[in-house]
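Participant: Quick one, fold the following:
(2 chains)
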Amino acid sequence: ETGVTQTPRHLVMGMTNKKSLKCEQHLGHNAMYWYKQSAKKPLELMFVYNFKEQTENNSVPSRFSPECPNSSHLFLHLHTLQPEDSALYLCASSHRTSGETQYFGPGTRLLVL
Amino acid sequence: DAKTTQPPSMDCAEGRAANLPCNHSTISGNEYVYWYRQIHSQGPQYIIHGLKNNETNEMASLIITEDRKSSTLILPHATLRDTAVYYCIVRSRDNYGQNFVFGPGTRLSVLP
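Facilitator: Model (predicted):
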């Protein structure tokens, strides 16, 4: 138990669906992150939030839309995804973005049909 | 790109020490060495980090060479639950916005 929770743990969706992934951290951290891990590939950083402000977007397609209403919660809104978007989506948090240890949630396993 | 090089896989007998090497020959003076592991289909788990001194915690020990160009993660008594992919990452703690870059890591198999 790292203090970072993610829901749902598994999600199956069609290409026309809209769904959201939720992440919550109970560590009092100020920075939160979304990563994507496709099969047999290293983790890829998607978005970074620091004090609720997005500080990094690593050329992620607009069908992925993050939202950070406060420092404890992070969402990833999904719409019109493609089958190649099927992956493990991981949330992480850290005290700050500058060099602090990141703690990861268990991930959401997404399958797009 | 990841700044580290690790062997793609290693085996270790249960109960023995697992020594996982990592090369980071281009490490900068202000960059720390971090180790994470990822058990199948779970989120990465933080293990340990260090700058230049050897470090030990309840999970592992980290040995960093004097020139800091390589390091070794030691799991003193490996168990089957230690089977995972282990990632070695170098990162500065004072560069705003610099993020962790995960390479392919080392897949450690602990054998009974």
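
Participant: For chain A, what lies in contact range of chain B?
Facilitator: A:2, A:4, A:6, A:33, A:42-43, A:45, A:48, A:55-56, A:88, A:90, A:92, A:97-107, A:109 (C-beta under 8 Å from any C-beta of the partner chain). For glycine as for every other residue, the C-beta is placed from the backbone atoms N, C-alpha and C.

Participant: Helices of chain A, start to end?
Facilitator: Here chain A has no helices by DSSP state H.

Participant: on that earlier part again, can you select the buried ones from the residues of chain A next to chain B in ChimeraX?
Facilitator: This is how ChimeraX selects the buried members of the residues of chain A next to chain B, with burial counted by 16 or more other C-beta atoms under 10 Å in any protein chain shown:
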select /A:2,4,6,33,43,45,48,88,90,92,97,99,101,102,103,104,105,106,107,109
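
Participant: Identify the residue nearest the geometric centre of chain A.
Facilitator: Geometric centre of chain A, nearest residue: A:Trp34, 3.1 Å, by C-alpha atoms, centre = their mean.

Participant: hey, what's it bridged with?
Facilitator: Assessed by DSSP bridges, A:Trp34 has beta-bridge partners A:Phe47, A:Cys91.

Participant: Tell me who's in contact with residue 87.
Facilitator: In the absence of a named chain, this looks at chain A. A:Ala87 makes contact with A:36-39, A:110 under the criterion C-beta atoms under 8 Å, 6 or more residues apart in numbering or on different chains.

Participant: Chain B, not that one
Facilitator: Contacts of B:Tyr87 by C-beta under 8 Å, 6+ apart are B:6, B:35-38, B:44, B:102-103, B:105.

Participant: Now for the residues you listed: which two are most distant?
Facilitator: B:Gln6 and B:Pro44 (14.4 Å; C-beta to C-beta).

Participant: More neighbours: which of these two?
Facilitator: Legend: neighbour count by other C-beta atoms under 10 Å in any protein chain shown for B:Gln6 and B:Pro44, higher for B:Pro44 (28 against 22).

Participant: That'll do, ta.
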